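J.: A structural model of the following input is requested.
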Amino acid sequence: MNKEERQHPTKVCIECSKKYTKAGFAKRQWKREQPLCRLCTESTATSEQQDTTKICVQCNEDRAKDQYPKKQWKKERPLCRLCFEFTNISTDQTRQCHECKLVLPRVKFDIHQWGKGADALCHGCQEQVGAKILGSIGTGTTKELPDGTVLCSHSLESCDICMMDFTLPNQFARKRSALGRDLTTDETEEISTQYLNLQNINRKICIMDGQPMCPRSGRKLRCPCNEVTYCSKGCQRHHWTIHKMTCKAQRKTKKDRADKKAKQASHPNTLPVRGLTEEQLNNIRIEAFMAEGSGIKHAIEECAWQLDEHPLVIGGGSIVMSADGEKFVKGDVANIYMESKGVAWDGSPRFGMKEYVQQKTPFDWIAKARQGKSQ
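T.: Residues are numbered from 1 along each chain as shown. Sure, this is the predicted structure:
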């Protein structure tokens, strides 16, 4: 190495194979064994910016980067998000329409119909069903059965022609009929959750896929309730008339659950109860309920205080006899306060009451729960 090379060292660019001094490289590139000169670095960055679209190997559409799943975008032969979700349901490229019996390519079905398998309807048959719906508006009648369930004029719970869906109300009615009483808030929420889980809504694809206004762009615009997805603002506006009935309720339910979990985690008095099963808790609720009824004062308040729950959970509850023995149905505190005083319960264990002061020799209800039910 001569004197000039020592004073002005050079490196060879791996792209253009030209020699440059330190000034011809960016600092990070100069530190590498195989660097890129400034000119090649800029040209590479420009070409990467221009490569913002790729052609899907199935639909052959030239789509933007945001219309591909991240892992697919990195592949040389990617699948766009729409084709990817279709393929996840079935790798078939054709399917027989349930109505017209024609074997049609996948593009003739929307994603929601494609997921129905043998019951899928093509776009044409869906339009015919829509025409029947428009023609039947205002002519639908219902009939109520002895168990409280309701059916449309075609004797169906869910009917596309009548534009009626009684599935969820009928589930409530059957549960009420089986129990012989009104449902509690927890029971109602449990049935509603199970019903929504069975709807099989694909949250990765636009809920309006297959409708005339849907551009099928493949983009993901998730609603804040996290239940449905849209591919354009137009789809969101068209679906809002339907979705607004459940959106706010779903967001409120999720917020209430999160607040309840946070409160339970931060409240030290709930720690001793966490080791008990619901059956053990209900056993001592029954004993406290019976003790108060037999004249033992403050039994319900003492038990509720130790369990860190509102006394009306026990006092407003009821004991139900069944083939399996006694069952305790907790009182609906929120409903009791709303109906009797017209105020909303804030969830605290002493809402509407003074701070509890033990009136007698304490009885350890937690220990009693661990011992088991009295014979």
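J.: against residue 276, how distant is residue 183?
T.: Taking CB to CB, to the nearest Å as the measure, residue 183 falls 25 Å from residue 276. Using the backbone N, CA and C atoms, a C-beta is placed for each residue, glycine as well.
J.: how about residue 219?
T.: For residue 219 relative to residue 276 (CB to CB), the value is 49 Å.
J.: spatially central residue in this protein, please.
T.: residue 227 (5.1 Å; CA atoms, centre = their mean).
J.: just the strands from this protein, written as ranges.
T.: Using DSSP state E, the strands found in the chain span residues 10-12, 19-21, 53-55, 62-64, 94-96, 103-105, 142-144, 150-152, 158-159, 164-165, 221-222, 229-230, 318-322, 325-329.
J.: mean pLDDT lowest where, among those?
T.: For the strands of the chain, mean pLDDT drops lowest on strand 164-165, to a mean of 66.
J.: for residue 58, give me its contacts.
T.: Listed by CB atoms under 8 Å, 6 or more residues apart in numbering, the contact partners of residue 58 are 79, 80, 83, 87.
J.: for the third one, what are its contacts?
T.: Residues touching residue 83, when contacts are defined by CB under 8 Å, 6+ apart, comprise 56, 58, 59.
J.: need those in TSV with pLDDT, can you?
T.: Below are these laid out as TSV (pLDDT from 0 to 100):
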residue	pLDDT
56	89
58	86
59	84
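J.: possible to save the residues you listed as TSV with distance to residue 213?
T.: As requested, the contacts of residue 83 are exported to TSV (distance: CB to CB, whole Å):
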residue	distance to residue 213
56	22
58	24
59	20
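J.: ok now the top helix by length along the chain, how far from the chain's centre?
T.: In the chain, assigned by DSSP state H, the helix with the most residues is helix 233-266. In terms of CA atoms, centre = their mean, to the nearest Å, the centre of helix 233-266 is found 9 Å from the chain centre.
J.: and that helix, average pLDDT?
T.: Helix 233-266 comes out at a mean pLDDT of 75.
J.: if you count neighbours, what's buried in that helix?
T.: Neighbour counts over helix 233-266 (16 or more other CB atoms under 10 Å) mark 235, 236, 238, 239, 243, 247, 250 as buried.
J.: residues contacting the last one?
T.: Residue 250 makes contact with 225, 227 under the criterion CB under 8 Å, 6+ apart.
J.: for residue 226, list the residues it contacts.
T.: 203, 254.
J.: distance of it relative to residue 260?
T.: 18 Å.
J.: which non-adjacent residue is nearest residue 30?
T.: In space, residue 30 comes closest to residue 22 once its chain neighbours are excluded; the distance is 5.6 Å by CB to CB, 6 or more residues apart in numbering.
J.: ok, residue 166 - how many residues close by?
T.: By other CB atoms under 10 Å, the residues close to residue 166 number 19.
J.: hang on, it packs against residue 148?
T.: No: if you go by CB atoms under 8 Å, residue 166 and residue 148 don't touch, sitting 10.8 Å apart.
J.: returning to that earlier point: separate out the buried members of the contacts of residue 58.
T.: 79, 80, 83.
J.: just the ones of these in helices?
T.: Going by DSSP H, the helices hold residue 83 from the buried ones among the contacts of residue 58.
J.: show me where pLDDT drops low in the stretch 251-375 of the chain?
T.: Across the stretch 251-375 of the chain, residues meeting the criterion (pLDDT under 70) sit at 263-274, 359-361, 373-375.
J.: now do the helices in it.
T.: 278-293, 299-307, 311-315, 333-341, 365-371 (DSSP state H, counting those that start in this stretch).
J.: ok, now the stretch 101-250 of the chain?
T.: With DSSP H, counting those that start in this stretch as the criterion, the stretch 101-250 of the chain has helices spanning 111-114, 123-136, 167-179, 185-197, 233-266.
J.: surely residue 38 meets residue 28?
T.: No: using CB under 8 Å as the test, residue 38 is too far from residue 28 to be in contact (11.5 Å).
J.: these two - which one has more neighbours?
T.: Using other CB under 10 Å, the more surrounded residue of residue 38 and residue 28 is residue 38, with 15 against 10.
J.: list the contacts for that one?
T.: Counted by CB under 8 Å, 6+ apart, residue 38 has contacts 24, 25, 26, 29.
J.: model confidence at it, what's the number?
T.: 88.
J.: i'd like the first residue to be 38 from this point on
T.: In the new count, where the first residue is 38, that last one comes out as residue 75.
J.: about what we covered before: nearest to residue 392, of the helices of the stretch 138-287 of the chain?
T.: Minimum separation from residue 392 across the helices of the stretch 138-287 of the chain (CB to CB) falls at helix 270-303, 18.2 Å.
J.: and the angle from the closest one to helix 222-234?
T.: 140 degrees (axes from the mean of the first three to the mean of the last three CA atoms, to 10 degrees).
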